[in-house]
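Visitor: Sequence and predicted model, in that order:
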Amino acid sequence: MTCLNDSHIQALADGEPLPEAAAHAAGCAACAARVRERQALMAALTSAVDVPANMPPQVAESVSFRLKAEATGSQGATRLLPSNTRGFGLTSNTRGFRLQAEGKWLFSGLAVAAATIVAVLFVAPAIRKPDATVSASEILAKSANQLSGAVRSGIEVLEYQVVLDGVPKEMLPDQADGTYRVWQAIDHDVPGRFRFASYAVDGRMMTSIAEDPLKKRRVAAFTVEGQPYRFDVSLPANATNMSLPEMQQLHMQASIAMMQASGNQLLETFDGPSGKMYRIEVPRVTGPGTNPVWDLSEARVVIDARDYRITEFAVRGSFLKQDYGMSYKLINHVLAASVKADAFEVPPQPGEIVINGEGTAVPTHDVVVLALRELTKMKLGR
Amino acid sequence: MTSSEAALALFDEHGTAVYRFAVVLVRHHQDAEDVVQETFLKLLRHLDAGGDRTNLRGWLFTVAAHAARDRQRGRSRWVAWLPAHDAGVAPPMLPDEDGRLKIARDALRQLPERDRLLLALRAQGLSYRDIATAARINPASVGRLLARAVARWAAERGRRRANEPERVSHASGAGTMGPPRASV
């Protein structure tokens, strides 16, 4: 046999020789020397390549967590430390504000306050299955996809902090700093059944909105200029309007889509209380068209790398050419099989004015019409 | 044993090796962590789908290699978010990064993807059969391709040694840090 070629030398050095090559090397000093030389080279290569790096414990924990979560499809629970995160510090003048809803124009006043409460609570923290994608664009894409496939059974209870700025804050003058703590329950076993409640920093309930298709009731409670109101209406049989959680979801999806559309996403990875987190920021995002109805001048999202749940979300921009800002931070998220019996009931407030009536598909429309109707009754009765 | 249990057992057995393998290929520890996560989540789905279990070690390294490649390609378009990152902070250094191994590693990074993959797989002690599976090449070609990859690596290492004698001497002799390096 002639002397060995490089392939045979390599195989011998790696301990995987052909029998005839091994036999040749045993009797050929030159080939044996080449094998030794190659073994030394491989040793040097291995020492360079096989990094003696130990896997960080949090990585092992995270992978185990995600493997279990993926296998069971469960959500688990997240608890984060309270945040000092505040709004973006917008400055804006109070201006007239009107909102178009299903062809009906609503004007400033009580209805606007109620409508704004609804509008500014469009935050959707429900994120589902984990994934390991790590580019900013892919993270956003997965988050958007997972939003559409949110929890489908059980009762989801969330607590989060919302900070409003710009027009939404101006529309809620009874909370000067624009900071609210929101409690939210969504019954995924009964489509359309939910309750929202927002609280001031001192614990006062600011607003609560509940809808229960089983009881065919919708209740909205809020306080205007120190006077609590309660609108308790029947749900129409054909009420197919979008629920608050669905609107929340849409708003978050739309915001994320705008962030995705930007080619200027900035991503940072950092260690959070529960492990690695992703922070994605988009300096400026503008919707399609030369005269955008909706424009985000800044957007930021923080995502838990373990399960891709959004834990912080902040946007600043303009809507209908009026400044607005909103930030959201998840405090607690639990998926429960059951909750207290009154979890979907809006609690009564001392001294509240109760207005009953028949509801329509548009909650804000109900508030305006019923309030005007009561006002008319009072005027006529005078 | 359920798929989840099997995946967890395989993670216990091979997780560290996959992590080390990924660290070499992607360099950034955070990317390596993501590679590990993605690899084992894909493993779970593979097992759930009744995928082939005959050579899961090779399968793991194949998936990890592809995930690492994706991250290497994606890394170049990422932008640092913090002002501190804008200044170009180097990633955490691997052991002996400033010593003689740096040249060896730098030389490895200059190789074509397949060469790096083959060498990294071999360094993890995979057999030729496993390497063939992971790299999706003919088992009979592994020795030949490895020999070529080793030759290229040795040549590149030699060239770098010749070009950077002072830095090698300085770093390995004094044990001090070299000049700031740009991120990968």
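Guide: That came through fine.

Visitor: and A:His24, what element?
Guide: helix A:19-27 (DSSP states H and E).

Visitor: Which elements pack onto that helix?
Guide: Under the contact criterion of 3 or more CB pairs under 8 Å, 6 or more residues apart in numbering or on different chains; DSSP states H and E, helix A:19-27 touches helix A:6-13, helix A:29-49. Quick note: C-beta positions are derived from backbone N, CA and C, even for glycine.

Visitor: Domain boundaries for the chain, per the record?
Guide: This is for chain A. Here the domain parsing of chain A from automatic domain parsing is A:6-49, A:75-381.

Visitor: The chain in question should be chain B.
Guide: Split by automatic domain parsing, chain B gives B:1-88, B:97-177.

Visitor: how about a markdown table for the ones you listed, with distance to A:Leu164 and mean neighbour count added?
Guide: Output for the domains of chain B, formatted as a markdown table (distance: least, CB to CB, whole Å; neighbours: other CB atoms under 10 Å in any protein chain shown):
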| stretch | distance to A:Leu164 | mean neighbour count |
| --- | --- | --- |
| domain B:1-88 | 25 | 19 |
| domain B:97-177 | 48 | 18 |
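
Visitor: Could you list the low-confidence segments of chain B?
Guide: Along chain B, the parts satisfying pLDDT under 70 run over B:27-28, B:72-100, B:164-184.

Visitor: show me where chain A has helices.
Guide: Assigned by DSSP state H, the helices in chain A fall at A:6-13, A:19-27, A:29-49, A:57-72, A:110-120, A:136-148, A:167-170, A:244-261, A:363-381.

Visitor: Quick one: residues in contact with the helix holding A:His24.
Guide: A:1, A:3-4, A:8, A:11-12, A:17, A:31-32, A:35 (CB atoms under 8 Å, 6 or more residues apart in numbering or on different chains).

Visitor: Can you tell me which of the helices and strands packed on helix A:19-27 is packed in deepest?
Guide: Using mean count of other CB atoms under 10 Å in any protein chain shown, the stretch among these with the largest mean neighbour count is helix A:6-13, at a mean of 23.

Visitor: Which element, helix or strand, includes the most centrally placed residue in chain B?
Guide: Among the residues of chain B, the one closest to the centroid is B:Leu25, at 2.3 Å (CA atoms, centre = their mean). According to DSSP H and E, B:Leu25 maps onto helix B:3-26.

Visitor: What is the distance between that helix and the centre of its chain?
Guide: Computed by CA atoms, centre = their mean, to the nearest Å, the chain-centroid distance of helix B:3-26 equals 13 Å.

Visitor: That one packs against which elements?
Guide: So helix B:3-26, by 3+ CB pairs under 8 Å, 6+ apart, packs with helix A:57-72, helix B:29-48, helix B:56-75, helix B:113-123.

Visitor: Go again with 10 Å.
Guide: Judged by 3 or more CB pairs under 10 Å, 6 or more residues apart in numbering or on different chains; DSSP states H and E, helix B:3-26 is in contact with helix A:29-49, helix A:57-72, helix B:29-48, helix B:56-75, helix B:100-109, helix B:113-123.

Visitor: Output it as CSV, restricted to C-alpha atoms.
Guide: Extracted C-alpha coordinates of helix B:3-26, given in CSV (Å, rounded to 0.1, in the frame of the first residue of the first chain):
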residue,chain,number,x,y,z
SER,B,3,-41.8,13.5,25.1
SER,B,4,-41.3,16.2,27.7
GLU,B,5,-39.6,13.9,30.1
ALA,B,6,-37.4,12.5,27.2
ALA,B,7,-36.5,16.1,26.1
LEU,B,8,-35.6,17.0,29.7
ALA,B,9,-33.5,13.9,30.1
LEU,B,10,-31.7,14.7,26.8
PHE,B,11,-31.2,18.3,28.0
ASP,B,12,-29.6,17.0,31.2
GLU,B,13,-27.4,14.8,29.2
HIS,B,14,-26.4,17.0,26.3
GLY,B,15,-27.4,20.5,27.2
THR,B,16,-24.0,21.6,28.3
ALA,B,17,-22.3,20.2,25.3
VAL,B,18,-24.8,21.9,23.0
TYR,B,19,-24.3,25.1,24.9
ARG,B,20,-20.5,24.9,24.5
PHE,B,21,-20.9,24.1,20.9
ALA,B,22,-23.2,27.1,20.4
VAL,B,23,-20.8,29.4,22.3
VAL,B,24,-18.1,28.6,19.9
LEU,B,25,-20.2,29.1,16.8
VAL,B,26,-22.0,32.3,17.8
